[in-house]
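Novice: sequence? don't have it. structure:
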């Protein structure tokens with residue numbers, strides 16, 4: 001969104017002078033919305049949000065999250081959780097034990113992300129056969 005009328009030049013959300021909380025403009029290459037979509041649009045983010053949403057409002061420990069997300073490495077889970085915590089989507093709580101017990105839960109903002117991500121997951125699961133057929137055709141292989 002610009003700070004002027006449509007068609008007139010004005011400040012973009014990523015430019016100096018942008019008001020906090022001002023809505024972004026995805027088509028503007030400088031808009032931070034693009035970086036946010038890069039972060040929340042990953043398969044690992046979708047899976048972490050799904051698993052934490054299933055436990056909401058309760059918490060899960062790191063090891064339990066890792067067990068529930070097949071194929072995720074310790075490093076990738078750690079990086080994904082750090083990003084989600086930084087964005088305010090996940091809350092992290094550390095118990096001062098030896099070793100420290102680290103717990104994660106979705107914030108209200110994180111819970112609000114679950115519905116759109118769930119819709120995207122359902123769409124992907126529903127349309128995967130069509131996508132597979134299209135890929136096979138594009139690759140010159142006969143469809144199954």
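Specialist: Sure thing, it's come through. Since this is a predicted model, take the numbers as computed values, not measurements.
Novice: now do the helices in the protein.
Specialist: Counting by DSSP state H, the chain has helices at residues 33-40, 43-55, 62-68, 74-86, 108-138.
Novice: so what's the spatially most central residue of the chain scoring on pLDDT?
Specialist: In the chain, the centroid-proximal residue (CA atoms, centre = their mean) is residue 40; its distance is 2.0 Å. We have a pLDDT of 92 for residue 40.
Novice: contact partners for it?
Specialist: 87, 89, 113, 117 (CB atoms under 8 Å, 6 or more residues apart in numbering). Every residue, glycine included, has its C-beta placed from N, CA and C.
Novice: can you pull the contacts of the first one?
Specialist: Residues in contact with residue 87, defined by CB under 8 Å, 6+ apart, are 36, 39-40.
Novice: also the last one?
Specialist: Applying CB under 8 Å, 6+ apart, one finds that residue 117 lies in contact with 40, 45-46, 49-50.
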